[in-house]
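Participant: Coordinates for the following, if possible.
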Amino acid sequence: MERTWRWFGRKDPITLDMLRQIGVQGIVTALHDVPLGQVWTRQQIHDLKAYIESHGMRWSVVESLPVTETIKYGGPDRDEQISIYCESLRNLAAEGIHTICYNFMPVLDWARTDLLHLNPNGSSNLYFSIPEFAYFDIDLLKREGAEEDWRNFKALGPDGKPNGRDILKEVAELRKQMTPEKDHALVENIVIKTQGFVSGNFKEGDEHPLGLFRELLKKYEGIDREQLRANMKYFLDAIMPVCDECDMYMCVHPDDPPFQILGLPRIITCADDIEWLLTAVPNKHNGLTFCAGSLSAGAQNNLTEMARRFASRTSFVHLRSCHVFPNGDFTEASHLGGRADLVALAHIFEQEEQQRKAGKALLSSPNAQVLPMRVDHGMTMLGDEKRGYNAGYSFLGRMFAMGQVQGIIAAVDKELGIKYEQPGFFD
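Facilitator: So this is what the prediction gives:
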């Protein structure tokens, strides 16, 4: 697999020269300065691509070309926004970029309640506390129906079975400990620090983020699971002719966390959901970002079985792993631990890539033969904490993860008889 890295453009404190030194071959990025819902021009794409190539790497994957909320909830201007999306796809293809990672999560992209949760070794990781998120929903967002939803919520233990947790009782205990300062920090973690650099719906400095959040939630009133599925199919059906014309590979990112929150349907959470997506739009250009981290946060998911089942329709791989606690809370794990067996996954996807290169797979097009992989959500280590990195996107933590994963791939390649190449060294 091609070793790639999510990079946030010229303003990213992590430079391309730093990435080249640690074995990164491809860059995963986006035009972060283009406002949500506007066309990505060919010139803008060309300029960033040339900048990346001037540092000895290629722009491998777009993550992401955002799907605007109006497309997701089926607003009156969704056809206009789909037309804009298609124009951006054509411009990307014209510059030789053919893989798009996107998501179809309403309002909230990935969610965590603690961005610096301590690990036993003194580093920190992203963490999702179910009662803290429920407290945010009930007490801070004050969403209608929130209390009833959490009363009925069934937290799953690591075995995938309900653990009988009483979320409302825990919220009541938590409520006694919360202060205005803790409330503010929780809102920042859920709404601002994990969203602004991803979805564009929120940004640092928003004066009334909860009000904006409520306004977005209102757009989804009456949108249930089946309607959101229908809206996703509408979007994909509309763009597939352009994808066929330009050989563009759309690979959806699973929902994170992979269960229902905020009264919103989440429709890419498990094997059955992925099977629905691939069957509903049976085009080779409609595929999957296999995010082992997001999927492993769902105790209902068997990652190795899912990788085998969906490898042929996977266009991009995120190698990370989550640890699910007995109470159902979860945290990012070491890239050698957690619920996702990254050694087994690397074996599966390395074999899939070889099949593509041999012309024996569905995705054997020159634009899809190389299967990009990136590490994700690294821990924050000493030296990372004051660098201004986006939440989950530290340098040292991800560099450590990249070293772990490169070692895995090198060992798997030796077992499979594949020549492993480490650019930048005298071999």
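Participant: Return the residues in contact with the residue nearest the centre of the chain.
Facilitator: Nearest to the mean C-alpha position of the chain, by Cα atoms, centre = their mean, lies residue 253 at 5.3 Å. With contact taken as Cβ atoms under 8 Å, 6 or more residues apart in numbering, residue 253 is in contact with 63, 64, 101, 102, 103, 268, 289, 291, 294, 318. (C-beta placed from N, C-alpha, C; glycine too.)
Participant: What about these, which are in strands?
Facilitator: If you go by DSSP state E, those have 63, 101, 102, 289, 291, 318 in strands.
Participant: okay, now the first one: neighbour count?
Facilitator: Residue 63 is surrounded by 25 other residues when neighbours are defined as other Cβ atoms under 10 Å.
Participant: so where's the stretch 151-300 of the chain shaky on pLDDT?
Facilitator: 195-207 (pLDDT under 70).
Participant: just the helices in it please.
Facilitator: Along the stretch 151-300 of the chain, counting by DSSP state H, counting those that start in this stretch, helices occupy 167-175, 180-187, 209-218, 225-246, 271-280, 292-296.
Participant: so how many other residues sit close to residue 135?
Facilitator: 27.
Participant: Return the distance of it relative to residue 168.
Facilitator: As judged by Cβ to Cβ, to the nearest Å, residue 135 and residue 168 stand 10 Å apart.
Participant: can you check residue 330 too?
Facilitator: For residue 330, the distance to residue 168 - Cβ to Cβ - is 20 Å.
Participant: If you count surrounding residues, which of the two has more?
Facilitator: With neighbours defined as other Cβ under 10 Å, residue 330 and residue 168 compare such that residue 330 has more, 26 against 14.
Participant: State the mean pLDDT of stretch 3-10.
Facilitator: Computed over stretch 3-10, the mean pLDDT rounds to 96.
Participant: State the number of residues packed around residue 413.
Facilitator: Residues near residue 413, counting by other Cβ under 10 Å: 18.
Participant: how much space between it and residue 347?
Facilitator: 10 Å.
Participant: same thing with residue 339?
Facilitator: 17 Å.
Participant: Kindly report the same for residue 285.
Facilitator: Distance, residue 285 to residue 347, using Cβ to Cβ: 26 Å.
Participant: Could you check which of the two has the larger neighbour count?
Facilitator: residue 285 (25 against 20).
Participant: where does the more buried one fall, phi/psi-wise?
Facilitator: phi -80, psi -10 (degrees, to the nearest 10).
Participant: wait, doesn't it sit right on residue 242?
Facilitator: No: under the contact definition of Cβ atoms under 8 Å, residue 285 does not touch residue 242, with a separation of 9.2 Å.
Participant: who touches both of these two?
Facilitator: Common neighbours of residue 285 and residue 242 (Cβ under 8 Å, 6+ apart) are residue 248.
Participant: Can you lay out the ones in strands among the contacts of residue 253 as a markdown table showing distance to residue 69?
Facilitator: As requested, the ones in strands among the contacts of residue 253 are exported to a markdown table (distance: Cβ to Cβ, whole Å):
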| residue | distance to residue 69 |
| --- | --- |
| 63 | 18 |
| 101 | 18 |
| 102 | 13 |
| 289 | 20 |
| 291 | 21 |
| 318 | 23 |
